[in-house]
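Undergrad: No letters, just coordinates:
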């Protein structure tokens, strides 16, 4: 009867629970119970005796199968030099050392485990990951927070730009933010992102994005209207020059700006300090002067301080939606498009 009971219950119990069950049966059996239960369960008499001792000791359920400290020791405890060897591989000052066994770009757990094994510390990738987490490491991407040198009058410059924007908006004159987006190859090239298509019928693209396989380069130049919350993107197929930048502004004014601001006398342009619309580019100033003479507008340009181009509104209000459009298309053509948003 005991053998049949144990055969039914043992598959559902852990090691400690089986030991307690056998101890309870042996204690209920009385004299000779340990030997009888041992034969019925097919275990050593010491195991049954341990069950009886655990019952006699009493105490609340511990929730553990074994006593604290039982089981296999951690590899870091068995190999005292493992921790220091791992930290030597991932220390920041080792990244730029050309004689170090690893480069910072290849510091995956698998590569670290292989190098540690080569040094005599037999370890696997999962153990390396556990050790790194215990040392306070985690997987992290780069973060763009270093802006470089700060001009002592940077706050004053931002306040001046803000006042100019408020003044132009109050008088009903347009304020635009301009910049050039990353150049793209024109052709059947892959872009990040996914789109809904019939199963098993993805859009086929070229394996490589060699410039020789393209039909040219697309240069998107964006104009974002701060008051109307609309954007105009002019895509050229040549170079990003000051002439192209001002021509993009001219096309925006002809297509939408003139109609949106029929009584405008002034135009405020906010831009970063480099590229085709940089503050040192004489061609940019000459082309703007020609545009002012053509349209009759009094044009003012406010450049953001160096290292603060990401504060330009066009970066977040226009280029983010246009990037989403770009990620969901495989080809880029030339021309212009209007982007609106909230």
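TA: Good, I have the coordinates. Quick caveat: nothing in here was measured; it's all calculated off a predicted structure.
Undergrad: Give me the residue ranges of the stretch 151-300 of the chain where confidence is low.
TA: Low-confidence segments of the stretch 151-300 of the chain, defined by pLDDT under 70: 151.
Undergrad: can you pull out the strands in it?
TA: Secondary structure of the stretch 151-300 of the chain (DSSP state E, counting those that start in this stretch): strands at 175-180, 184-185, 217-225, 230-236, 266-271, 298-303.
Undergrad: in its sheet, what does the first one sit against?
TA: Looking at strand 175-180 with DSSP bridges, its partner strands are strand 217-225 (antiparallel), strand 266-271 (parallel).
Undergrad: just so I know, which of the strands of the stretch 151-300 of the chain lies nearest residue 30?
TA: strand 184-185 (87.6 Å; CB to CB). The C-beta positions use only the backbone N, C-alpha and C, and glycine is treated the same way.
Undergrad: ok, now which ones touch residue 227?
TA: Going by CB atoms under 8 Å, 6 or more residues apart in numbering, residue 227 touches 169, 174-175.
Undergrad: one more time with 10 Å
TA: Neighbour list for residue 227: 165, 168-169, 172-176, 260-261 [criterion: CB atoms under 10 Å, 6 or more residues apart in numbering].
Undergrad: can you tell me how far it sits from residue 250?
TA: Residue 227 is 19 Å from residue 250, where distance means CB to CB, to the nearest Å.
Undergrad: What of residue 134?
TA: 61 Å.
Undergrad: the more surrounded of those two?
TA: residue 250 (18 against 11; other CB atoms under 10 Å).
Undergrad: Check what contacts the helix or strand hosting residue 26 and list those residues.
TA: For residue 26, the element it lies in under DSSP states H and E is helix 15-29. Here helix 15-29 makes contact (CB under 10 Å, 6+ apart) with 2, 5-6, 9-13, 32-38, 40-41, 43, 45, 47-56, 61-67.
Undergrad: Going through those, which ones are buried?
TA: Among the contacts of helix 15-29, those buried by neighbour count (16 or more other CB atoms under 10 Å) are 2, 6, 10, 33-34, 36-38, 40-41, 43, 47-52, 54.
Undergrad: Which members of the residues you listed occur in helices, if any?
TA: Counting by DSSP state H, the part of the buried ones among the contacts of helix 15-29 found in helices is 2, 6, 33-34, 36-38, 40-41, 47-52, 54.
Undergrad: What is the neighbour count of the closest residue to residue 186 other than its chain neighbours?
TA: The shortest distance from residue 186 to any non-neighbouring residue, by CB to CB, 6 or more residues apart in numbering, is to residue 215 (4.4 Å). Other residues near residue 215 come to 14 when the count uses other CB under 10 Å.
Undergrad: With residue 185 as the reference, measure out to residue 215.
TA: 8 Å.
Undergrad: count of residues packed around residue 314?
TA: So residue 314, with other CB under 10 Å, has 27 neighbours.
Undergrad: which strands and helices sit next to the helix or strand where it lies?
TA: Assigned by DSSP H and E, residue 314 belongs to helix 313-317. In terms of contacts (3 or more CB pairs under 10 Å, 6 or more residues apart in numbering; DSSP states H and E), helix 313-317 is packed against strand 175-180, strand 217-225, strand 230-236, strand 266-271, helix 319-327.
Undergrad: Could you export those as TSV, including distance to residue 288 and mean neighbour count?
TA: Below are those laid out as TSV (distance: least, CB to CB, whole Å; neighbours: other CB atoms under 10 Å):
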stretch	distance to residue 288	mean neighbour count
strand 175-180	11	24
strand 217-225	13	24
strand 230-236	16	22
strand 266-271	8	22
helix 319-327	22	15
